[in-house]
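Chemist: heads up, no residue letters with this:
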């Protein structure tokens, strides 16, 4: 398992994407799946950067490749305020934008585009893992 530790700031997103891309460049990851991963990573990390810490903090991003067909697992860890994004009810996407309550659409998109999304709070850490099959 490979990992990087970055400041929980928007500016770190570029470093995270470069890390993920370099780890997946030797795979048969399609452009569609890469875009799905990038959108999910951005949604999750920006939420950490904006809401996890009152002041400054860090995030650990871990990547693991397993199995055949190949599955990538990306885990986000932070020691910020405990928050389970999966506990929120999914937004009612049948309503118009004006009728819908604000929030929740990003994590809803992550849940729909990934094969698996899991959250746990352990040892003072928020731990969110996304999984996606990247090769047929």
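Modeler: Perfect, I can see it now. If you're wondering where the values come from, they're calculated on a predicted model, not measured in any experiment.

Chemist: any weak-confidence spans in this structure?
Modeler: Residues of the chain that meet the criterion pLDDT under 70 lie in 90-105, 136.

Chemist: what ranges do the helices span in it?
Modeler: Counting by DSSP state H, the chain has helices at residues 13-24, 31-47, 105-113.

Chemist: Next, the buried residues of the second one.
Modeler: So that's helix 31-47. Of all the residues in helix 31-47, those buried under the rule 16 or more other CB atoms under 10 Å are 33, 34, 36, 37, 40, 41, 42, 43, 44, 45, 47. C-beta: built from backbone N, CA, C; applies to glycine.

Chemist: for stretch 125-136, same thing?
Modeler: 126, 127, 128, 129, 130, 131, 132, 134.

Chemist: cool, and stretch 50-67?
Modeler: For stretch 50-67, using 16+ other CB under 10 Å, the buried residues are 52, 53, 57, 58, 59, 61, 62, 63, 65.

Chemist: what's around residue 72, how many residues?
Modeler: For residue 72, the count of nearby residues is 24 (other CB atoms under 10 Å).

Chemist: All good on my end, thank you.
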